[in-house]
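Q: got a predicted structure plus its sequence, pasted below:
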Amino acid sequence: MENHNDPSGYWRANVRFILGSLIIWALCSYGFAILLRPLLAGIKIGGTDLGFWFAQQGSIGVFIVLIFFYAWRMNKLDKQYGVDEE
């Protein structure tokens, strides 16, 4: 377990988690919807190709899931370092 009195450790973990979330979000919204769309054109989902689905709905869905995952993970991190709200 991490040191409860280590603010630099808390912020390192916080920034690492934020960067990971941003990478996932960018990959889904920019990568799959724009850059990789020609590769995903042959895969059908919901009557359209997967690249179009990511551009219209998938990236929004991933973003919503990331919001809830971020809140859950940050609450856990706050408790781990003793900075949670009581």
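A: Done, it's in. Numbers count the residues shown, from 1 in each chain.

Q: next, give phi and psi for Ile45.
A: phi -150, psi 130 (degrees, to the nearest 10).

Q: tally of neighbours for it?
A: 14 (other C-beta atoms under 10 Å). C-beta: built from backbone N, CA, C; applies to glycine.

Q: that one reaches Trp53, doesn't it?
A: Yes - using C-beta atoms under 8 Å, Ile45 makes contact with Trp53 at a distance of 5.1 Å.

Q: name the nearest residue to the one residue sitting closest to the centre of the chain, sequence neighbours excluded.
A: In the chain, the centroid-proximal residue (C-alpha atoms, centre = their mean) is Ser21; its distance is 3.3 Å. Nearest residue to Ser21, sequence neighbours excluded (C-beta to C-beta, 6 or more residues apart in numbering): Leu66, at 5.4 Å.

Q: what sits against that neighbour?
A: By C-beta atoms under 8 Å, 6 or more residues apart in numbering, the contact set of Leu66 is Ser21, Ile24, Trp25.

Q: against Phe63, how distant is the last one?
A: When C-beta to C-beta, to the nearest Å is the yardstick, Trp25 and Phe63 sit 6 Å from each other.
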